[in-house]
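Colleague: only geometry, no sequence info:
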């Protein structure tokens, strides 16, 4: 079973994905004020590559941004590529 959790400490946070309880990857972010956060890194463990986990992390961040009414600045190459090819998430892009 795949599970995504969000952890946050002041200005920094991350979305962590687990596969049957095992750490599979993370996407880190930093708040830039109160209205947007910057995705600065997305990484999936090699053993879990090719399962779409990176995209799942981006979509979890999008859902979080929509829920909170904030924007995302995707600076890491992976998240930027996901935003560039998926116009349905453009509403939360800064």
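Modeller: Perfect, I can see it now. Computed from a predicted model, the values in this text were never measured in an experiment.
Colleague: who's residue 7 bridged to?
Modeller: residue 14 (DSSP bridges).
Colleague: what about it, neighbour count?
Modeller: Other residues lying near residue 7 total 11 when counted by other CB atoms under 10 Å. In short, each C-beta sits where N, CA and C put it, glycine included.
Colleague: Now for it: which residues touch it?
Modeller: 13-14, 16 (CB atoms under 8 Å, 6 or more residues apart in numbering).
Colleague: now with 10 Å?
Modeller: 13-16, 26, 28 (CB atoms under 10 Å, 6 or more residues apart in numbering).
Colleague: Generate CSV for those residues, with distance to residue 1 and neighbour count as supplementary columns.
Modeller: Output for the contacts of residue 7, formatted as CSV (distance: CB to CB, whole Å; neighbours: other CB atoms under 10 Å):
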residue, distance to residue 1, neighbour count
13, 23, 18
14, 20, 20
15, 17, 23
16, 14, 18
26, 18, 19
28, 23, 18
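Colleague: Local confidence estimate at residue 15?
Modeller: The score at residue 15 is 98. That number is its pLDDT.
Colleague: Before I go, just wanted to say thanks for your time.
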